[in-house]
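J.: Fold the following.
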Amino acid sequence: MLREAYIEAAWKRCHDDYRLDPHSAPSGEHIGGTALKHRREELALFERVARVEMHRLFGQISHQVAQSQTAASRYVLLLTDAAGTVLDVFTDNANAEAARAVNMAPGFIWDERHQGTNGPGTCLHDLRSRVVHREDHFFTCNSRLTCSAAPVWGSNGELLGVLDASCLDCDDSRASQVPTIALVSMSARIIEQLHFTHQFRDCLILRFHERPELVGLPYDSLLAIDDQGRVRAVDSTVPAQLGASFGTAGNTALTGRSVADLFDISVDRLFEHAETQPFAIWPITHGGDRHGYASIWPAKPVTSRARPRAIPPAPAEKPAIPRPGAKPPRPYPPTLAAIAGGDPAMTENVWRAERVMNKDINILLLGETGTGKDTFARAIHRASDRRSKPFVAMSCAAIPETLIESELFGYEAGAFTGARPGGMRGKALAAHGGTLFLDEIGDMPLAIQARLLRLLEEKEIVPLGSNTPVPVDVRVISATHRDL
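T.: So this is what the prediction gives:
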């Protein structure tokens, strides 16, 4: 049987180096109890951000299977550490017992020495994405299994582990796994970026790529910059991007260097970008003649960097004495970074919002009642380039159906009985230049939704009682708890 060269090499290792018998059962080596608990605690950040992405990946693969012409397959997602020990497993209830029966559970070791040629193990050995399909597996008991595995890299060249998608009972061809390995590899890259930005939340994150439309997406490269403008860490893609320019592909040659040594930008200019135009994309040169595009992402609210000149301390102020009966001061509204906190899911939501909030893209927030959709919408507005313009909110569920149209689009004088003599502008026009927040959009009548489409597509409204379109410049954020 003709196999891929890397499969042949893995089989040779299993025969010659590990002395395994393909017709026997895998050893089922397992780490449990305190040892596994400590290992998972050491990699808690890795496991936490990975689980968010595994949830999304499982949905993508399930959708992919549903769209194919084949019967539904039984997929299991595995996350291992750099030694092949399973940290986390993601599947549905119907396949949980079958996964456990083939040692796909936390604590089992899936390197080649214990499980023969397999997706996670061969990926760990080769440090590359690998597909191990059916009879590619060394042990015959795994010959119905198909694995698609990709390495997950941490900062400065550290291997965190492997992300794997395994089909427990695969009838498809090897070629059919091309979309799966592509999805897994992309998810591995997303996990790398989430882990990097969480690990270096106290640093500025410089993101760059040769093409401006790919800055801020999983294809770009990341550097963590400390408060002195030095490179504290780089992600797995940076050495290949900068190595040729600086005579090495290693991480040690890049960390600790001033950002001014790597790019045509001074440290002061870099911090100016961070303070005045975070997330903006601008051209940058590295290596003298290599051109690309960069963006500065503050992982937490950016404060002004200390300048070398001495600044005398301000005189101490006496605390204000509140007047009797005075209301306490309102708390400062939370920023996007504060909303995210340390939660991986919210961090990803913030990441997505920051990516689109200054583009001509409207936003839909989905979440249960009481989860803070209004707070999140206001934080997006305050972080966007529309922050100095109005934020106008309207609840589609709190206004009677007969009044929603006039509330949203306004009306001319005498448009209907009871109308104000001078007419009314409406929420859309009141938000001109800023953000219009439509809460509970799922409760908006269909007829009004059709009129809303004109606002979204044509950037204009027609007030009730008028035939003249009025141009409106608004960014629309909608929210709902319904399944639209």
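J.: quick check: mean pLDDT across stretch 263-283?
T.: The average pLDDT within stretch 263-283 is 88.
J.: what's the span of that stretch, first residue to last?
T.: Between the start and the finish of stretch 263-283 there is a gap of 11 Å, counting by C-alpha to C-alpha, to the nearest Å.
J.: May I see the buried residues of it?
T.: For stretch 263-283, the buried set under the neighbour-count rule, 16 or more other C-beta atoms under 10 Å, comprises Phe263, Ile265, Leu270, Phe271, His273, Ala274, Pro278, Phe279, Ile281. C-beta here means a position set from N, CA and C on the backbone, and glycine is covered the same way.
J.: quick one: which of those is nearest to Trp153?
T.: Top of the list for closeness to Trp153, among the buried residues of stretch 263-283 and by C-beta to C-beta, is Phe263 at 22.3 Å.
J.: Show me where the stretch 201-350 of the chain has its strands.
T.: 204-209, 221-225, 231-234, 281-286, 290-298 (DSSP state E, counting those that start in this stretch).
J.: Looking at the buried residues of stretch 263-283, which is nearest His481?
T.: Within those, the smallest distance to His481 is 29.0 Å, found for Phe279 (C-beta to C-beta).
J.: check contacts around the closest one.
T.: Taking C-beta atoms under 8 Å, 6 or more residues apart in numbering as the contact definition, Phe279 lies against Gly216, Ser295, Ile296, Trp297, Glu354, Asn358.
J.: For the fifth one, grab the count of nearby residues.
T.: It refers to Glu354. 19 (other C-beta atoms under 10 Å).
J.: what do you get for the third one?
T.: As a burial measure, the neighbour count of Ile296 was computed by other C-beta under 10 Å and equals 23.
J.: right, and it touches Ile205 too?
T.: Yes - the criterion here is C-beta atoms under 8 Å, and Ile296 meets it with Ile205 at 7.3 Å.
J.: would a markdown table of the buried residues of stretch 263-283 with distance to Asp385 be doable?
T.: A markdown table is the format used below for these (distance: C-beta to C-beta, whole Å):
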| residue | distance to Asp385 |
| --- | --- |
| Phe263 | 24 |
| Ile265 | 22 |
| Leu270 | 20 |
| Phe271 | 20 |
| His273 | 15 |
| Ala274 | 16 |
| Pro278 | 11 |
| Phe279 | 9 |
| Ile281 | 13 |
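J.: Phe108: which of those residues is nearest?
T.: Sorting those by how near they are to Phe108, with C-beta to C-beta, puts Phe279 at the top with 42.2 Å.
J.: And that closest one, its phi and psi?
T.: Summarising the backbone geometry of Phe279 under the convention degrees, to the nearest 10, its torsions are phi 80, psi -10.
J.: Could you report the distance from it to Pro212?
T.: Remark: distance between Phe279 and Pro212 (C-beta to C-beta, to the nearest Å) = 13 Å.
J.: and stretch 88-104, what's its mean pLDDT?
T.: If you average the per-residue pLDDT over stretch 88-104, you get 89.
J.: contacts for that stretch?
T.: Taking C-beta under 8 Å, 6+ apart as the criterion, the residues outside stretch 88-104 that touch it are 26, 28, 30, 47, 50-51, 54-55, 58, 74-79, 86, 105-106, 110, 115, 142, 145, 166, 168.
J.: Can you say which of those residues are buried?
T.: Listed as buried from the contacts of stretch 88-104 are 26, 30, 47, 50-51, 54, 58, 74-79, 86, 105-106, 110, 115, 142, 145, 166, 168; burial here means 16+ other C-beta under 10 Å.
J.: Turn the contacts of Phe279 into CSV, columns for pLDDT.
T.: Output for the contacts of Phe279, formatted as CSV (pLDDT from 0 to 100):
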residue, pLDDT
Gly216, 85
Ser295, 91
Ile296, 91
Trp297, 86
Glu354, 89
Asn358, 91
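J.: where are the low-confidence patches of the stretch 151-300 of the chain?
T.: Within the stretch 151-300 of the chain, the stretches falling below the threshold (pLDDT under 70) are 243-250, 299-300.
J.: which stretches of the stretch 151-300 of the chain form helices?
T.: Secondary structure of the stretch 151-300 of the chain, counting by DSSP state H, counting those that start in this stretch: helices at 178-199, 238-246, 259-262, 267-276.
J.: give the contact list for Asn362.
T.: The contact partners of Asn362, taken as C-beta under 8 Å, 6+ apart, are Leu456, Arg475, Val476, Ile477, Ser478.
J.: Count residues in the vicinity of Gly161, would you?
T.: As a burial measure, Gly161 scores 29 neighbours (other C-beta under 10 Å).
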